[in-house]
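A.B. asks: Quick one, what's the 3D model for this:
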Amino acid sequence: AERSNLMGQLLLASCKQRLGKKVEALAAYEAGLLLDKHNIAALVNGGIVLKDLGRREEAVEAERSNLMGQLLLASCKQRLGKKVEALAAYEAGLLLDKHNIAALVNGGIVLKDLGRREEAV
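C.D. replies: Okay, here's the model as predicted:
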């Protein structure tokens, strides 16, 4: 794939990932992030590859610094009934963007579900 083409990098990375060539897949996802540091596909799939390579701490740190990653994590925790963990992820998202509507609304719902109505208002 051409190095300056984001879609090409993502396709290359996906193919390498499916072939089990994790190091090469990670390199392509990282090349994609150089072109667009907020690209969700590169961030999420790159994190999966990091975890597959046993580099969990790096994967977790990448997720923590990404607003969309925090929102996805919070949503998953909320659906699993892990309300305290969901709230922590929504709050982490708000540290990255204090006006994010999804984090504000869903975090408020979790607060209400936890019986913390005063904070939810």
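
A.B. asks: Checking the residue nearest the centre of the chain next. Helix, strand or coil?
C.D. replies: The C-alpha lying nearest the average C-alpha coordinate of the chain belongs to residue 69 (Cα atoms, centre = their mean; 2.0 Å). The three-state label given to residue 69 by DSSP: H, G, I helix; E, B strand; the rest coil is helix.

A.B. asks: these two touch, right, it and residue 45?
C.D. replies: No. Using Cβ atoms under 8 Å as the test, residue 69 is too far from residue 45 to be in contact (11.7 Å). From N, CA and C alone the C-beta is placed, and that goes for glycine too.

A.B. asks: Just name the shakiest helix or strand of the chain by mean pLDDT.
C.D. replies: helix 56-64 (a mean of 71; mean pLDDT, DSSP states H and E).

A.B. asks: So residue 53 sits against residue 23, correct?
C.D. replies: Yes. Assessed by Cβ under 8 Å, residue 53 is found in contact with residue 23 at 7.2 Å.

A.B. asks: So if I had to pick from the two, which one is more boxed in?
C.D. replies: Neighbour comparison, residue 53 and residue 23: the larger count goes to residue 53, with 14 against 9 (by other Cβ atoms under 10 Å).

A.B. asks: Now do the contacts for the closest residue to residue 96 other than its chain neighbours.
C.D. replies: Distances taken as Cβ to Cβ, 6 or more residues apart in numbering put residue 67 closest to residue 96, at 4.5 Å, once the chain neighbours are dropped. When contacts are counted by Cβ atoms under 8 Å, 6 or more residues apart in numbering, residue 67 touches 93, 96-97, 100.

A.B. asks: Compare those and tell me which is most surrounded.
C.D. replies: Result: residue 93 is most packed of the contacts of residue 67 (other Cβ under 10 Å), 26 neighbours.

A.B. asks: Walking through this structure, point out its helices one by one.
C.D. replies: Remark: helices assigned in the chain by DSSP state H are 6-18, 22-35, 40-52, 56-64, 67-79, 83-96, 101-113, 117-120.

A.B. asks: between those, which gets the lowest average pLDDT?
C.D. replies: Per-segment mean pLDDT for the helices of the chain reaches its minimum on helix 56-64, at a mean of 71.

A.B. asks: Alright, calling it a day.
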